[in-house]
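Asks: I'll drop the sequence and a predicted model, then ask my questions.
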Amino acid sequence: MSAESGFLRRRPFSSVFIVVAVALAALIGHYRLQLLAFPDIISAYTAKEYCSCRYVVNNPAQYCRAYVKQWLPSEIQDDETRKTVSASGLGRSSAAVWMGARQGCRLRTPGS
């Protein structure tokens, strides 16, 4: 009997935990760029979808806030005169602006 099989028999939960931890670390390493982009996605999605709901489809503000509500917290500022929406969540901020009836809403890039 080898020493490795003895460890597995004596500590089955520790062995499973180690295998799961190694697999999780490998997945995080593989998807690291996507995971780093995730906070930007939350605020951009919220700003764009709220702007579209509010100014393209012309729904009431309360309806649109409920429509874009997510499990992760985000704050929405709606400037009705300029038809601009700013959203922040997970430490990032994004803005969307209504371009017109044919163009709809577009995310505003930083510095524009």
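Replies: Received, thanks.
Asks: OK, contacts around Asp78?
Replies: Applying CB atoms under 8 Å, 6 or more residues apart in numbering, we find Asp78 in contact with 50, 54, 61, 84-85. For the C-beta atoms, the positions are set from N, CA and C on the backbone; glycine is no exception.
Asks: before we move on, what about Gln77?
Replies: Residues touching Gln77, when contacts are defined by CB under 8 Å, 6+ apart, comprise 85-87.
Asks: for the residue positioned nearest the centre of the chain, which non-adjacent residue is spatially closest?
Replies: The structure's the chain has its C-alpha centroid closest to Ile42; by CA atoms, centre = their mean the separation is 3.0 Å. Across the structure, with CB to CB, 6 or more residues apart in numbering as the measure, the residue nearest Ile42 apart from its sequence neighbours is Gly89 (4.4 Å).
Asks: so that neighbour makes contact with Tyr45?
Replies: No. Between Gly89 and Tyr45 there is no contact under CB atoms under 8 Å: 9.1 Å.
Asks: which residues do those two both contact?
Replies: With CB under 8 Å, 6+ apart applied, the overlap between the contact sets of Gly89 and Tyr45 consists of Gln70.
Asks: neighbour-wise, which of the two wins?
Replies: For Gly89 and Tyr45, the more surrounded residue by other CB atoms under 10 Å is Gly89, and the numbers stand at 22 against 18.
Asks: in contact with that one, which residues?
Replies: When the contact criterion is CB under 8 Å, 6+ apart, the partners of Gly89 are 39, 42-43, 46, 70, 72-75.
Asks: for PyMOL, write the select line for the buried members of these.
Replies: Remark: buried members of the contacts of Gly89, expressed as a PyMOL selection using 16 or more other CB atoms under 10 Å:
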select buried, resi 42+43+46+74
